[in-house]
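# Curious how this folds, go ahead:
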Amino acid sequence: MLKSKDSLTVLLAGMQWLFFIFTNTVMVPLSIGHALGLAPEDIASSMQRSFILTGLLCIVQAIWGHRYALMDGPAGVWWGLVLSICASAPAMGMDIGTVAASLSTGFILSSAVVIVLALCGFLKVLKRIFTPMVMGVFLLLLTFQLANTFFKGMIGYDQGGKWDLQLAGLSLFIIVVVALIHLKGKGKWGQFSLLGGIIVGWIAYALLFGSESRMGAATGSSNGIWHWLPWGTPGFEPGIMMVGLLAGLVNMTNTLTSLTAAGRLFKREASDKQFVRSILFTNSFSILAGCLGLIPFGTFASSIGFLENTKVLRRAALLAGSAMFIIVGIFPALGGWLAQLPLSVGNAVLFVAYLQMFGTAIRSFQGTTFNAKTIYRVALPVLTGISIMNIPASAFAEFPPLLTPILSNGLIIGVLLVIILENFIQWDKFEVKPLVKEPESPSQQLALQLNK
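From the prediction side, this is the model:
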C-alpha cells in the first residue's frame, strides 16, 4: 500500500514537472522560429527536437551530471540574445540567413570554449568571483525578471499596453487556488499546488473562453524532425562570435549559481566534480543543439523556486516528468494537446512558483550587516538592473548593434556591477564597529544597587 502511494506521489509530481518544463520550453523555439522567418513545419520540427533533447538532458543531468532535481533547458540568456540580434540584423547590414548561420557557429564555438575552461579549472576562478553577495543579487534580478514576464503574460498585457481584464481576473483566481492548496493542503496534497492550479485554471479558462488556446504553438509530424544544420552552413561574423562567447560565460555562471543554491536546498553541497560534469553535459548538448537549429542549454536557477514551492525534492519526480516530456516530443498529437494549455494559466502558476526564489535570494545575504554605506553593494546593482529591465528595447537603438543585447539586459548589467563592487571595494571598512559601552548614568547605578 505504501509503495502504491509512493508511486502515485512520484507520478503526480512528475506531471507537475512536465507542465513546468513545457511552459519554460515551448515559447523558445516558437519565438525564435518566427524571428528567423522559418516555415510553420520547420518551427514544429524544432519544437519536437527541443522537447526531446530537453527531456534527455534533464535525465542525463539527474543521473550522471549534477545529480540534483533541477531542470536543464533552453538558456534564457541565449534566448534573449538571439531575439535581440535578429531584431538588430538590419542595423548591422546583415540578412537574417547570415545571422542564423553565424549564430549556429556561435553556439558551437561558445559551448566548446566553456567545456575547455571547465576542464582547465576555470570554475575555481568563478567561485572566487561569485560570492554569496553576487549570487544573491543574481537571484534577486532573476526573480524580478521572471516575475515581470509572467505577470504580463497572466494579465494578457499586449503591445498596445492594455490589460485583458477577464484574463487578469482568472489569473487572480488561479493564484488564490495555488496559494490555498499550498498553505492549507494537508499532508502531501500541499506539494501539488502548482498542478492543482493548472488543472483548475485550465478548466476555468475553457468555461470562460472555450477550448481554443491562445498559445499559438505549432505542431508537426513525427517524420523528418531531425534536420542537420537547418539554419544553413555555419558562418563567421566576428561580432556575433564575441557576443556569443560572453553569453557562454554568463551561462556558465548561471550553472554555478544554480548548483550552489541547490546545495543549500538539498543540504548537500555540490562538489567540484559535479560542477564540471554539469557543465560538460550542458555544453555537449548545446553543441548538438547548434547543429540541430536549437539554442544552447543551461541549468535553470528558477527550478529552486519551483522546488521550494512543491517541496518534492526527489529526482524520481524529475525523471518521470522528463520521460513524459520526451514522449510529448516524439508524438505530435500529445504535443498538440499540451499546447492547448492557455499561456495565461501557465504564467499565473509560474508567477506563484517563482515567489519562493525571492526568499532564496534574501537568504543569500544572511550574516551581512547593512548600513547607509554598505547598502550600495546590493542597492546599486539591483536597482540599476531593474531600471534597465523597464526601459523599452527601442531606447537602445542608438547603441552599437552588437552591444545592445548586453547593455539592454538588466540581469547581465546588474551582475557585472555587483562583481565590480565586490572585487574592487573593501566593504568591511565601512561596516559599523561595535560601540564601546557607555558608563551607566547615576540613576542606572542606583537601580542596579537596589536590585542587588
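# which intervals of the stretch 201-350 of the chain have sub-threshold pLDDT?
Within the stretch 201-350 of the chain, the ranges that satisfy pLDDT under 70 run 211-224.
# Tell me where it has strands.
297-299 (DSSP state E, counting those that start in this stretch).
# all helices of it, in order?
Taking DSSP state H, counting those that start in this stretch as the criterion, the stretch 201-350 of the chain carries its helices at 238-266, 272-291, 303-310, 315-330, 332-338, 343-353.
# Off-centre distance for the first one?
Yep, that's helix 238-266 we're talking about. Averaging C-alpha positions (CA atoms, centre = their mean, to the nearest Å) puts helix 238-266 11 Å from its chain's average.
# angle of that helix against helix 303-310?
Angle between the axes of helix 238-266 and helix 303-310 is 30 degrees (criterion: axes from the mean of the first three to the mean of the last three CA atoms, to 10 degrees).
# Go through the helices of the stretch 201-350 of the chain and pick out the most buried.
helix 343-353 (a mean of 26; mean count of other CB atoms under 10 Å). Just so you know, the C-beta spots here come from the backbone N, C-alpha and C atoms, and that holds for glycine as well.
# what's in contact with it?
For helix 343-353, the external contacting residues (CB atoms under 8 Å, 6 or more residues apart in numbering) are 19-20, 22-24, 27, 146-147, 149-151, 153-156, 164, 167, 170-171, 174-175, 178-179, 182, 193-194, 197-198, 201-202, 205, 213-215, 305-306, 309-310.
# Now do the contacts for Val176.
No contacts exist for Val176 under CB under 8 Å, 6+ apart.
# Show the contacting residues for the spatially closest residue to Gln356 that is not a sequence neighbour.
In space, and not counting its chain neighbours, Gln356 is closest to Glu308: 3.8 Å by CB to CB, 6 or more residues apart in numbering. Applying CB under 8 Å, 6+ apart to Glu308 gives the contacts Leu265, Gln356, Met357, Gly359, Thr360.
# Spatially nearest residue to Leu146 (excluding sequence neighbours)?
What sits nearest to Leu146 in space, not counting adjacent residues and going by CB to CB, 6+ apart, is Tyr354, at 5.0 Å.
# separation between the nearest residue to Leu70 once chain neighbours are set aside and Ile386?
Spatial nearest neighbour of Leu70, excluding adjacent residues (CB to CB, 6+ apart): Ser303 at 4.4 Å. Going from Ser303 to Ile386 by CB to CB, to the nearest Å gives 22 Å.
# Then Leu318?
31 Å.
# same check, this time on Ala397
Per CB to CB, Ala397 is found 21 Å from Ile386.
# mind checking how far the helix or strand containing Leu146 is from the chain centre?
Following DSSP states H and E, one finds Leu146 within helix 132-154. The chain centre lies 9 Å from the centre of helix 132-154; the measure is CA atoms, centre = their mean.
# cool, and stretch 165-181?
23 Å.
# can you give me the offset of stretch 279-288 from its chain's centre?
17 Å.
# In PDB, list the C-alpha atoms belonging to that stretch.
What follows is stretch 279-288 as a C-alpha-only set of coordinates in PDB (Å, rounded to 0.1, in the frame of the first residue of the first chain):
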ATOM      1  CA  ILE A 279      28.900  22.000 -17.500                       C
ATOM      2  CA  LEU A 280      30.200  19.200 -19.700                       C
ATOM      3  CA  PHE A 281      26.800  17.700 -20.300                       C
ATOM      4  CA  THR A 282      25.100  21.000 -20.700                       C
ATOM      5  CA  ASN A 283      27.500  22.200 -23.300                       C
ATOM      6  CA  SER A 284      27.800  18.900 -25.100                       C
ATOM      7  CA  PHE A 285      24.100  19.100 -25.600                       C
ATOM      8  CA  SER A 286      24.500  22.700 -26.600                       C
ATOM      9  CA  ILE A 287      26.900  21.800 -29.300                       C
ATOM     10  CA  LEU A 288      24.400  19.200 -30.600                       C
END
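# Show me the contact partners of that stretch.
Under the criterion CB under 8 Å, 6+ apart, residues 53, 56-57, 60-61, 64-65, 72, 75, 107-108, 110-112, 114-115, 118-119, 123, 248, 252, 255, 296-299 lie in contact with stretch 279-288.
# Please apply the same query to stretch 99-107.
Contacts with stretch 99-107, where a contact means CB under 8 Å, 6+ apart, come from 36, 78, 82, 85-86, 89, 92, 94, 229, 231-237, 240-241, 243-245, 247, 286-287, 289-291, 293, 295-296.
# how about a cut-off of 6 Å?
Contacts with stretch 99-107, where a contact means CB atoms under 6 Å, 6 or more residues apart in numbering, come from 36, 89, 231-232, 234-237, 240-241, 244, 290, 296.
# Could you work out the most separated pair of these?
The span of the contacts of stretch 99-107, defined through CB to CB, is set by Ala89 and Pro296 at 19.6 Å.
# the more surrounded of these two?
Pro296 (29 against 18; other CB atoms under 10 Å).
# out of everything not next to it in sequence, what's closest to the more buried one?
That would be Ser286: by CB to CB, 6+ apart, it lies 3.5 Å from Pro296.
# before we move on, what about Leu123?
Excluding the flanking residues, the one nearest Leu123 by CB to CB, 6+ apart is Phe275, at 5.3 Å.
# Just the buried ones among the contacts of helix 343-353, please.
19-20, 22-24, 27, 146-147, 149-150, 153-156, 164, 167, 170-171, 174-175, 178, 182, 193-194, 197-198, 201-202, 205, 213, 215, 305-306, 309-310 (16 or more other CB atoms under 10 Å).
# Appreciated, that's everything.
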